[in-house]
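Undergrad: dropping a prediction and its sequence here:
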Amino acid sequence: MHVQFGCRSALLGALFIALACSPGSRATTGSTPATNAARPYVVMVSFDAFRHDYIDRFKPAAFMDVASRGVQAEALIPSFPSKTFPNHFTLVTGLYPGHHGIVGNAFFDPARREWYRLNDQKAVRDSSWYSAEPIWVTAERRGVKSAVFFWPGSEAAIGGVRPSYMIPYDAKTPNTDRVTGAVSWMRKSPAERPHLVLLYFSDVDDTTHRYGPDAPQTPNAVSMVDRALRQLLDSIHALPYGDSVNIVLVSDHGMASISTQRMIAIGDILARAGVDTTNMLASDNGPTMSLWFGADSTRIRRARAVLDTLSHAHAYLRNELPKRWQLRENPRAGDVLIVADEGYILERRGADKITARGAHGWDPRVGDMQAIFLAAGPNVRPLGRIPAFENVNVYPFLAALLRLDRPPTVDGNLSALGPLLR
């Protein structure tokens, strides 16, 4: 996600903490307090765009502390497209984007004739867009309280259920307030505190979009989130039950460098070839672009044929998409989907002004797109380095840590992470 952030006044910060300590809508509980008393605690933190090699390159102390006490994957392989909203929702549902419905940060649904965009609050909070059960709904349905401090999908009542505690996304919220708010929930009485807490930081994504992943500003952004993680770890350690908390650190994707010299103007190319683009719909500029032509199969085939001649991108009809992307059956993926080579960006028009120096969204097999996974705690075996694995497997791992029966229809399983469980 590419967002701007800043500092709040002391007054707003105080008001924010008061809000963070108040409960949101709650699900009907089915477990007794005695059952939950012995249930493990899990805190999962996402660091947007934290690439898989940043820990070894920059050696952030708090991240290395978690790795030394538990496990660190060689990489966490995102789902396609390697974008923020699709992968955050995959992490908490165990489903590929084509199956949970959030196939991009912005996409068109031909059946609804509506757009979903990450900055559209009405869409983001409309539960009908989401076709899967996130981990906080799994928990709440089983009487286990959850708390979410920013996570895609958490602002909607999915299946009529919300986390017990939730803060709507506000990019301006300082990291210290995010940590303080999350820990305030964990300081509640045993009957009221959540056993699952989710937290999100965007600094690395903001910085590497603007300057590029190899810019001198990148280690500074890594240091910022490392300080936030240290604050969180110290705060958890200070809790009376701190040694009962499992910590899971993830990111949604990595980041690659881009250049204004590597832009491909899709709309201009189609227009010059005589393809009518008057009513064509296109997703956002980026490494991938989806096009919708309604029911006009002639224009679909013509556009595909024209774009198939591109030197640094590949165009697919939806039924031609690689099976491993798991998107063929979902019309939200577009009538035609174009994927650029790494480092190249697709534009709707050449007149579009793209100032970013970093981007993500390419095939997850591209190394720069790969993310992080670390875990430590009383229910995690300290096995050190483990092989890379797909992020659909995180949800089953969380459900097992929390001792929850998970829905049977998920794409992930415990084959990759089951050996980590004590």
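TA: Looks like it came in fine.

Undergrad: what sits closest to the spatially most central residue of the chain if chain neighbours are left out?
TA: With the centre of the chain defined as its mean C-alpha position, the nearest residue by C-alpha atoms, centre = their mean is His88, 2.2 Å away. Leaving out its chain neighbours, the residue that sits closest to His88 by C-beta to C-beta, 6 or more residues apart in numbering is Pro152, at 4.3 Å. C-beta coordinates here come from the backbone N, C-alpha and C atoms, glycine included.

Undergrad: related to what we said a few turns ago, list the contacts of the helix or strand where the residue nearest to the centre of the chain lies.
TA: With secondary structure defined by DSSP states H and E, His88 is part of helix 84-93. Contact with helix 84-93 is made by 1, 44, 46, 48, 78-79, 96-97, 100, 102-105, 118, 130, 132-136, 151-153, 198, 200, 205, 250, 252-253, 371, 391-392, 394-395, 398, 410, as judged by C-beta atoms under 8 Å, 6 or more residues apart in numbering.

Undergrad: need the longest helix for this protein.
TA: When every helix of the chain is counted residue by residue (DSSP state H), the longest turns out to be helix 217-237.

Undergrad: name the helices or strands packed onto it?
TA: Secondary structure elements in contact with helix 217-237, counted by 3 or more C-beta pairs under 8 Å, 6 or more residues apart in numbering; DSSP states H and E, are strand 41-47, helix 54-58, helix 61-69, helix 175-186, strand 196-201, helix 203-211, strand 245-250.

Undergrad: burial of the residue nearest to His88, as a residue count?
TA: 26 (other C-beta atoms under 10 Å).

Undergrad: and the helices in the stretch 251-400 of the chain?
TA: In order along the chain, the stretch 251-400 of the chain carries the following helices (DSSP state H, counting those that start in this stretch): 266-272, 297-307, 394-401.

Undergrad: for Arg178, which of the ones you listed is the nearest?
TA: Between Arg178 and the helices of the stretch 251-400 of the chain, the shortest separation by C-beta to C-beta is 19.9 Å, and it involves helix 394-401.

Undergrad: ok, back up a step: with mean neighbour count, distance to Asp65 and mean pLDDT added, can I get the helices of the stretch 251-400 of the chain in a markdown table?
TA: What follows is the helices of the stretch 251-400 of the chain, written out as a markdown table (neighbours: other C-beta atoms under 10 Å; distance: least, C-beta to C-beta, whole Å; pLDDT from 0 to 100):
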| stretch | mean neighbour count | distance to Asp65 | mean pLDDT |
| --- | --- | --- | --- |
| helix 266-272 | 18 | 46 | 96 |
| helix 297-307 | 17 | 48 | 96 |
| helix 394-401 | 24 | 20 | 97 |
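
Undergrad: relative to Asp352, which of these is closest?
TA: Relative to Asp352, the nearest member of the helices of the stretch 251-400 of the chain by C-beta to C-beta is helix 266-272, separated by 9.2 Å.

Undergrad: what helices or strands is that closest one leaning on?
TA: By 3+ C-beta pairs under 8 Å, 6+ apart, helix 266-272 packs against helix 297-307, strand 345-347.

Undergrad: looking at these, which is nearest to Glu140?
TA: Glu140 lies closest, by C-beta to C-beta, to one member of the helices and strands packed on helix 266-272: strand 345-347, at 39.6 Å.

Undergrad: which other helices and strands contact that closest one?
TA: Using 3+ C-beta pairs under 8 Å, 6+ apart as the test, strand 345-347 ends up in contact with strand 263-265, helix 266-272.

Undergrad: circling back: just the buried ones among the contacts of helix 84-93, please.
TA: When neighbours are counted using 16 or more other C-beta atoms under 10 Å, the contacts of helix 84-93 contain these buried positions: 1, 44, 46, 48, 78-79, 96-97, 100, 102-105, 118, 130, 132-136, 151-153, 198, 200, 205, 250, 252-253, 371, 391-392, 394-395, 398, 410.

Undergrad: could you list the low-confidence segments of the protein?
TA: Counting by pLDDT under 70, the chain contains low-confidence residues at 1-35, 37.

Undergrad: domain-wise, how is it divided?
TA: Under the assignment named as automatic domain parsing, the residue ranges that make up the domains of the chain are 10-105+133-256+365-420, 263-355.

Undergrad: can you tell me which of the ones you listed is most buried?
TA: When you average the neighbours per residue for each of the domains of the chain (mean count of other C-beta atoms under 10 Å), domain 10-105+133-256+365-420 leads with a mean of 20.

Undergrad: now do that one: distance to the chain's middle.
TA: Mean C-alpha position of domain 10-105+133-256+365-420 versus that of the full chain (C-alpha atoms, centre = their mean, to the nearest Å) differs by 9 Å.

Undergrad: mind listing the strands for the stretch 251-400 of the chain?
TA: Counting by DSSP state E, counting those that start in this stretch, one finds strands in the stretch 251-400 of the chain at the ranges 256-257, 263-265, 281-282, 288-292, 313-317, 336-340, 345-347, 358-359, 373-376, 384-386, 389-390.

Undergrad: distance to Ala62 added to the ones you listed, as JSON lines?
TA: Output for the strands of the stretch 251-400 of the chain, formatted as JSON lines (distance: least, C-beta to C-beta, whole Å):
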{"stretch": "strand 256-257", "distance to Ala62": "26"}
{"stretch": "strand 263-265", "distance to Ala62": "38"}
{"stretch": "strand 281-282", "distance to Ala62": "41"}
{"stretch": "strand 288-292", "distance to Ala62": "33"}
{"stretch": "strand 313-317", "distance to Ala62": "39"}
{"stretch": "strand 336-340", "distance to Ala62": "35"}
{"stretch": "strand 345-347", "distance to Ala62": "33"}
{"stretch": "strand 358-359", "distance to Ala62": "23"}
{"stretch": "strand 373-376", "distance to Ala62": "10"}
{"stretch": "strand 384-386", "distance to Ala62": "18"}
{"stretch": "strand 389-390", "distance to Ala62": "23"}
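
Undergrad: of all these, which lies closest to Leu421?
TA: Among the strands of the stretch 251-400 of the chain, the nearest to Leu421 by C-beta to C-beta is strand 373-376 (10.0 Å).

Undergrad: strand partners (parallel or antiparallel) of the closest one?
TA: Under the criterion DSSP bridges, strand 373-376 sits next to strand 71-73 (antiparallel), strand 245-250 (antiparallel) in its sheet.
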